[in-house]
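Student: can you look at this prediction? I've put the sequence above it.
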2 protein chains.
Amino acid sequence: MSSSYGRYHSQSQSYAPSAPEQPPYSNYHHTSASNASSNYHYGNVSSSSFPPGTPQDVIRSFQMVDRDGSGFIDERELQQALSSGFHHFNLRTIRLLMFLFKNPHQPLTIGPKEFAALWSCLGHWRGIFERYDKDKSGKIDPLELRDALYGIGYAVPGSVLQLLLSKYGDGSGRRVELGFDSFVECGMIIKGLTDKFKEKDTRYTGSATLSYDAFMTMVLPFLVPYD
Amino acid sequence: MSSSYGRYHSQSQSYAPSAPEQPPYSNYHHTSASNASSNYHYGNVSSSSFPPGTPQDVIRSFQMVDRDGSGFIDERELQQALSSGFHHFNLRTIRLLMFLFKNPHQPLTIGPKEFAALWSCLGHWRGIFERYDKDKSGKIDPLELRDALYGIGYAVPGSVLQLLLSKYGDGSGRRVELGFDSFVECGMIIKGLTDKFKEKDTRYTGSATLSYDAFMTMVLPFLVPYD
C-alpha cells in the first residue's frame, strides 16, 4: 500500500471522527443512573461545572463516584462511572482514556469538563461499534474494524491493523473479535497516535519530521504495560 | 533538554549497548539446567543448530522446553526456558522479547539462533541490572534506571523516563522500583524504539522523516495490551 495522500486518510482534511448520524447521547445504555432524581446532588460538584447542555445522567454518573466531592475522579472512580453508563472497561483502557482526556496540566484525574467530553466520545464510539457490527454479534471482527476506522476517516494500512489485532489474540490462532472496550482501546490508540502524528505534519503531506525526543514523548504514553 | 547530537546518545556513533565488562554468560543464574548431562539430547535439535560457542546450558534450556523437537519454541516454552536460567518473566515481556528477537519471516516462534541471541542479550541486561543496582536491593529505582540506560548509550530525556516509569506504578504514588523482568521490558522498549528510529535517521542528525505508515508500523508492535 502506498503512503500517498489518499492512503493517509479517507476524507477531507480532517483526521477527526466524522459527525455521527445521530446525537451520541442517544447511544447510551442507561442503567440505574437514570433512575435517580435529577435534583439530588451526590457531591459538591454542581451541574454548572459541566459544559452547558451536558445531560443529567452524565452529571449524575460523575457525582455518584466522586464521593469526596473533590470535583476530580481517579481511575477506579472513572471505571465505576463508565461501567454504569456503558460497559465494564478494564483498567488498562481506563488509563488510556484518562491519558487522552485529562487536562494536560493536571495529574492523572478527570474533572467535570473532561468527563463530559469523554462520555460524549464514548457515545460516539458506541454508535460506530453498533453501526459496523453488521452481523449484530456484539463483537467487532477484523473486517468490521477496518471498515469502522475507515468510515470515520482513519485509513489504517492492513498490515498495521493486523499488528494491532494480533495484540488481542489469545495465541490460539483463532480469529480475533473485539468487545466494546477493546474496540474503544484500538480506536483510541489509532486516533491518538494519528492525531499526534498529524500535529507534526503541518503541511499535511503524509510525512513528518520528528526529533528523537519528540518521537519518544509521543509514543511512550501509548505503551501501557499494566498487569 | 535540547535535542542536539549530544542529547541523542551519550557515546560514539552507536546506539547499541556497549560491550559488557565481563562476558554476559557469567551473569547467568544457573539452576537445574546446569545439572543435566551435556551429552543428553532432549529433543531433535542438535547442538550444531546453535551458533558456534553457544554454552551447553543455553542449548539444554532450549531443548528441555522444545518437547516436540520441532526446533522452534513458542511463548509459553520461552517463558519456561528463561525462568530456568534467569527469572520468571511475565507473558507480556516474553511477547516483547519474541517480537524483538524472532526471525522477521517467521511466525511468532523462536529457533536456536534467535534463542542464543536472546539469552546473550538477557545476560548482558542482567549484568547491567546488577551493576546499577547500587544499593543491591534487587530492584532498580528511577535514578538507577536513568544511569543504567545512560551507561549503555541511551540518553533518554528525563520526561520520557518519567512517562515510562509511570506505567509501572500501582497508582499509590509510591516511588516505582523495577524488578529484573520490568527492567528488561523498559530497556527493550527504549532500545527497540530507539533502534527503529535510528534506522530512519540515516544522516544521524537526531531527527527523522517518517511517513504515516512507517510511523504506525514502527510503533504498534510495542503496544502490548495483554490482560
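Tutor: Yep, it's here.
Student: quick one: contacts for the spatially most central residue of chain A?
Tutor: Chain A has A:Met188 as the residue nearest its centroid, 4.7 Å off, counting by CA atoms, centre = their mean. By CB atoms under 8 Å, 6 or more residues apart in numbering or on different chains, the contact set of A:Met188 is A:93, A:96-97, A:100. All C-beta spots, glycine's among them, are computed from the backbone N, C-alpha and C.
Student: now with 7 Å?
Tutor: Neighbouring residues of A:Met188 by CB atoms under 7 Å, 6 or more residues apart in numbering or on different chains: A:96-97, A:100.
Student: how about A:Phe50?
Tutor: By CB under 7 Å, 6+ apart, the contact set of A:Phe50 is A:59, A:112-113, A:116.
Student: what about A:Val160, which SS state?
Tutor: Put simply, A:Val160 is helix when judged by DSSP: H, G, I helix; E, B strand; the rest coil.
Student: with adjacent residues omitted, what lies nearest to it?
Tutor: B:Met216 (4.6 Å; CB to CB, 6 or more residues apart in numbering or on different chains).
Student: distance check, the one you found against A:Gly206.
Tutor: In this view, B:Met216 and A:Gly206 are 12 Å apart by CB to CB, to the nearest Å.
Student: hang on, the earlier thing: now, which of the contacts of A:Phe50 sits nearest A:Gly69?
Tutor: Nearest to A:Gly69 among the contacts of A:Phe50: A:Pro112, at 11.8 Å, using CB to CB.
Student: element containing A:Ala117?
Tutor: Using DSSP states H and E, A:Ala117 sits within helix A:112-132.
Student: how about the residues of chain A near chain B?
Tutor: Proximity of chain A to chain B (CB under 7 Å from any CB of the partner chain) is limited to residues A:3, A:8, A:75, A:90, A:92, A:157, A:159-160, A:163-164, A:167, A:171, A:185, A:189, A:193, A:197, A:206-213, A:215-217, A:219-225, A:227.
Student: thinking again about what came up before, the more surrounded of B:Met216 and A:Gly206?
Tutor: B:Met216 (22 against 19; other CB atoms under 10 Å in any protein chain shown).
Student: any idea which helix or strand carries that one?
Tutor: Using DSSP H and E, B:Met216 falls within helix B:212-219.
Student: what angle separates that helix from helix A:212-219?
Tutor: Here helix B:212-219 points in a direction 80 degrees away from that of helix A:212-219 (axes from the mean of the first three to the mean of the last three CA atoms, to 10 degrees).
Student: which strands and helices sit next to helix B:212-219?
Tutor: Here helix B:212-219 touches helix A:158-166, helix A:180-200, going by 3 or more CB pairs under 7 Å, 6 or more residues apart in numbering or on different chains; DSSP states H and E.
Student: just the buried positions in the longest one, please.
Tutor: Using 16 or more other CB atoms under 10 Å in any protein chain shown as the burial criterion, the residues of helix A:180-200 that qualify are A:180-194, A:196-198, A:200.
Student: over to the first one?
Tutor: Residues A:160-161, A:163-166 are the ones in helix A:158-166 that count as buried (16+ other CB under 10 Å).
Student: CSV please, covering these and showing pLDDT.
Tutor: Shown next, in CSV, are the buried residues of helix A:158-166 (pLDDT from 0 to 100):
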residue, pLDDT
A:Val160, 82
A:Leu161, 85
A:Leu163, 77
A:Leu164, 81
A:Leu165, 82
A:Ser166, 76
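Student: let's verify A:Pro52: helix, strand, or coil?
Tutor: Per three-state DSSP, A:Pro52 ends up coil.
Student: what's the neighbour count on it?
Tutor: Per other CB under 10 Å, the neighbour tally for A:Pro52 reads 6.
Student: repeat for A:Arg175
Tutor: Burial of A:Arg175, expressed as a neighbour count using other CB under 10 Å, amounts to 10.
Student: measure it to B:Leu220 for me?
Tutor: Noted for A:Arg175: a distance of 19 Å to B:Leu220, by CB to CB.
Student: what subset of the residues of chain A next to chain B is buried?
Tutor: Listed as buried from those are A:3, A:8, A:75, A:92, A:157, A:160, A:163-164, A:167, A:185, A:189, A:193, A:197, A:206-208, A:210-213, A:215-217, A:219-225; burial here means 16+ other CB under 10 Å.
Student: what does A:Leu210 show for phi and psi?
Tutor: Main-chain dihedrals, A:Leu210, degrees, to the nearest 10: phi -120, psi 140.
Student: that one touches B:Ala208, doesn't it?
Tutor: Yes - between A:Leu210 and B:Ala208 there is a contact under CB atoms under 7 Å: 6.1 Å.
Student: so which elements touch the one helix or strand A:Arg95 maps to?
Tutor: Assigned by DSSP H and E, A:Arg95 belongs to helix A:91-101. Packing partners of helix A:91-101 (3+ CB pairs under 7 Å, 6+ apart): helix A:75-85, helix A:112-132, helix A:180-200.
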